[in-house]
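In: only the shape, not the letters, is given here:
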Ligand SMILES: Cc1ncc(COP(=O)(O)O)c(C=O)c1O
């Protein structure tokens, strides 16, 4: 068996059917969608088709979809756009403590620029603490940002409840659905959010392309200035091949979601039960989850070195840690859930995908069990109950 990839929440391989849709654009379809001639109109038609495909995946109208250069840019567009359009006294941003850096660091940057910003706590289960959120969202709140599914734990957040709280106070809601799209049904209109972000490379599409749903009538100030592309919401000649890839990926995700969801949740549960059989293993987070993600801590191990040992053994997994300026920061998500630092630093994320088989799961779990045991033997720090 070759290398096993269980890190689909970091990125997914390009689906060959997506590549097939992109190749004609890269080879011949070079027109600029803003050009009036035939070449331009061919490119425009391809972008329009992709817009419909993305809109269908997220329950929107095509006119409500803005293509961006990434999921990160979509999150930036929502937060910065809403913040710039906000008027005194309604300027505050509230975000959940487990948001992705794309949201969290944008909110922090806005705070540095003088916007009032607050973060809402999450419970030990990993879901937003609605009581705390209710206290922080007030009549001065312009926007509340909450993700649909967390990238580290896979937990599905109570977005409907967040929307209800925000609406009572007249605030807008941004939803980062980057890790939910393609894994669970996403319906922007039913969720009643104002903006919602997705990303191409998390749904077997290309990297460097994303989309933001912007509910019709939502006031967002554009922060990429230039031409009038994307209805003046995002200037710059469109990444046509990337957009076509995102569109096809969205179409496939929707068509295959039901069967893939059932297949993956069975495989994930199998993986998780094998992992939890390792002495000192514990699941991180409780509640509804996307079907492909498991986050497990192994008492007494150092997750960073475990990831490296597993990589040498042919298994790709990850920690939630971020590498900032050469220093490894422990996962802010697991910390926000109140997990002790030792447990956070002993946690691994496993994320399955389209190419994952039962053999991968069984072999992967075996490699983890062996690597954990080896590390414990070498460090002699773990005196388990086994
Ligand atoms: C929840 C979440 N939001 C946003 C992003 C950023 O997306 P992109 O990689 O397209 O910038 C990611 C990527 O890891 C993510 O997991």
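Out: Perfect, I can see it now. In this text the structure is predicted, and so the values were computed from the model without any measurement. Numbering: from 1, shown residues only.

In: what sits closest to residue 280 if chain neighbours are left out?
Out: residue 299 (3.5 Å; Cβ to Cβ, 6 or more residues apart in numbering). Using the backbone N, CA and C atoms, a C-beta is placed for each residue, glycine as well.

In: that neighbour against residue 340, yeah?
Out: No: counting by Cβ atoms under 8 Å, residue 299 sits too far from residue 340 to count as a contact (10.6 Å).

In: quick one, which of these two is more surrounded?
Out: Neighbours around residue 299 and residue 340, counted as other Cβ atoms under 10 Å, are more numerous at residue 299. The numbers are 19 against 11.

In: tell me which residues touch the residue in the stretch 201-350 of the chain positioned nearest to the ligand, please.
Out: Closest to the ligand within the stretch 201-350 of the chain is residue 210: 5.0 Å, counting by Cβ to the nearest ligand atom. When contacts are counted by Cβ atoms under 8 Å, 6 or more residues apart in numbering, residue 210 is found next to 67-74, 178, 197-200, 246.

In: secondary structure, neighbour count and pLDDT added to those, as JSON lines?
Out: Compiled in JSON lines, these are given as follows (DSSP: H, G, I helix; E, B strand; the rest coil; neighbours: other Cβ atoms under 10 Å; pLDDT from 0 to 100):
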{"residue": "67", "secondary structure": "strand", "neighbour count": "27", "pLDDT": "98"}
{"residue": "68", "secondary structure": "strand", "neighbour count": "30", "pLDDT": "98"}
{"residue": "69", "secondary structure": "coil", "neighbour count": "18", "pLDDT": "98"}
{"residue": "70", "secondary structure": "coil", "neighbour count": "19", "pLDDT": "98"}
{"residue": "71", "secondary structure": "helix", "neighbour count": "26", "pLDDT": "98"}
{"residue": "72", "secondary structure": "helix", "neighbour count": "20", "pLDDT": "98"}
{"residue": "73", "secondary structure": "helix", "neighbour count": "24", "pLDDT": "98"}
{"residue": "74", "secondary structure": "helix", "neighbour count": "30", "pLDDT": "98"}
{"residue": "178", "secondary structure": "coil", "neighbour count": "29", "pLDDT": "98"}
{"residue": "197", "secondary structure": "strand", "neighbour count": "32", "pLDDT": "99"}
{"residue": "198", "secondary structure": "strand", "neighbour count": "33", "pLDDT": "98"}
{"residue": "199", "secondary structure": "strand", "neighbour count": "27", "pLDDT": "98"}
{"residue": "200", "secondary structure": "helix", "neighbour count": "33", "pLDDT": "98"}
{"residue": "246", "secondary structure": "helix", "neighbour count": "33", "pLDDT": "98"}
